[in-house]
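Colleague: everything below, folded, please.
(one chain, ligands or ions: 1)
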Amino acid sequence: MKLVKNIESLSKIIDTLKSKGKSIGFVPTMGALHEGHLSLIKMASYQCDVVVVSIFVNPTQFNNSNDLSAYPHDLENDIRLLESVDCSILFAPSRKEVYPSGENTRRYKLNDLDKRLEGKKRPGHFDGVCTIVHKLFNWISPHKAYFGEKDFQQLLIIKQLVKTLSLPIDIISGPTIREEDGLAKSSRNSRLNPSDRELSAIIYNCLSKAKSMYKDNSPLEIISYTREALSKENRIIIDYIEIVNSNTLESITSYQPKIRVQMMIAVFIGNVRLIDNLALND
Ligand code: AMP
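Modeller: Below you'll find the model as predicted:
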């Protein structure tokens, strides 16, 4: 695996690979890698000749400076994990390399997908996400790029970004990888203390219960049941619970047999914000 830190060297390597007709799969990450990231890298290595992984904790997508400074880093361990899978190039640039003239974001037309859920709660977050992903797409120009369903809204937004900008990149999604008790793997989980970690399994329990309730209960009933279950725990603060159309992210209030719907949850446990989601009908 080659570790590349600047854009000029990256471009040279990418140009050489392209001149040899190699297909390029790209997995953007913020590091502190876990099996969720590795599953995307494995998918990329089955489908492409070369896999590029980026590790960059993107400051412009954090609307809370404490969250940015508390974000876990462990480049040495990440390199060890990447060497255990089929990653050819690790691109790990500095902030100055990515944002040479200030940490500014662009605004994109995203069919209002960025106005809902995370977008409402974390103003500017998706401008930051789209700005960094657009830069990385320009530098790497991958054939395929891989994103997890764990960040379901982000996945839809990146699909829309590629459409809006007419970029010739296939966006491929990977399923959410979970711990044994159902908690979605996340770099932020390492910040949970042991009792909060144990409690956090409740998120997936609630999502699974919602799925089992979907046919016989209205979305509003399911949301109120879930809200009650989570509110019983005084260490949990609910940020949002919504049932939405899986394509538009619009809230659903009545049973919709023909539309794929997704339950979306964001909660704080201790001071750690966790998000998760599940399709309620397959
Ligand atoms: P992050 O490093 O958190 O920005 O995530 C990088 C990519 O990994 C994103 O596409 C995430 O959706 C994906 N990802 C994060 N956690 C998981 C998970 N538990 N299962 C599958 N994909 C994940």
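Colleague: can you tell me the element Ile237 falls in?
Modeller: strand 236-245 (DSSP states H and E).
Colleague: counting contacts, what elements does that strand pack onto?
Modeller: helix 117-121, helix 219-231, strand 261-269 (3 or more CB pairs under 8 Å, 6 or more residues apart in numbering; DSSP states H and E). (Each C-beta comes from the backbone N, C-alpha and C, glycine too.)
Colleague: would you map the helices across this structure?
Modeller: For the chain, the helices defined by DSSP state H occupy 7-19, 35-47, 65-70, 75-83, 95-98, 117-121, 125-140, 152-164, 194-199, 201-213, 219-231.
Colleague: quick one: contacts for the nearest residue to Asp127 once chain neighbours are set aside?
Modeller: Leaving aside its sequence neighbours, Asp127 sits nearest to Thr105 (CB to CB, 6 or more residues apart in numbering; 4.0 Å). The contact partners of Thr105, taken as CB atoms under 8 Å, 6 or more residues apart in numbering, are 60, 124, 127-128, 130-131.
Colleague: okay, those in a markdown table with neighbour count and distance to the ligand next?
Modeller: Compiled in a markdown table, these are given as follows (neighbours: other CB atoms under 10 Å; distance: CB to the nearest ligand atom, whole Å):
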| residue | neighbour count | distance to the ligand |
| --- | --- | --- |
| Thr60 | 22 | 13 |
| Gly124 | 16 | 16 |
| Asp127 | 19 | 16 |
| Gly128 | 20 | 11 |
| Cys130 | 25 | 13 |
| Thr131 | 22 | 14 |
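Colleague: excluding its backbone neighbours, what's nearest the residue nearest the centre of the chain?
Modeller: Nearest residue to the geometric centre of the chain (CA atoms, centre = their mean): Asp151, 3.6 Å. Excluding its sequence neighbours, the residue lying closest to Asp151 (CB to CB, 6+ apart) is Ile275, at 7.3 Å.
Colleague: and for Val85?
Modeller: Here the residue nearest Val85, using CB to CB, 6+ apart, is Ile41, at 5.0 Å.
Colleague: and if you look at Ile157?
Modeller: Leu113 (5.1 Å).
Colleague: thinking the one you found is in contact with Phe152, fair?
Modeller: No: with contact defined as CB atoms under 8 Å, Leu113 does not reach Phe152; the gap is 10.6 Å.
Colleague: who has more neighbours, those two?
Modeller: Phe152 (25 against 21; other CB atoms under 10 Å).
Colleague: please report the distance of the more buried one from Ala210.
Modeller: For Phe152, the distance to Ala210 equals 15 Å [CB to CB, to the nearest Å].
Colleague: residues in the stretch 151-282 of the chain within reach of the ligand, list them.
Modeller: Residues of the stretch 151-282 of the chain lying close to the ligand by CB under 6 Å from any ligand atom are 151, 174, 176-177, 184-187.
Colleague: doesn't Val98 make contact with Pro59?
Modeller: No: Pro59 is beyond contact range of Val98, at 9.0 Å (criterion: CB under 8 Å).
Colleague: show me what residue of the stretch 51-200 of the chain gets nearest to the ligand.
Modeller: Residue nearest to the ligand within the stretch 51-200 of the chain (CB to the nearest ligand atom): Gly148, separated by 2.3 Å.
Colleague: per-residue confidence at that residue?
Modeller: Looking at Gly148, its pLDDT is 98.
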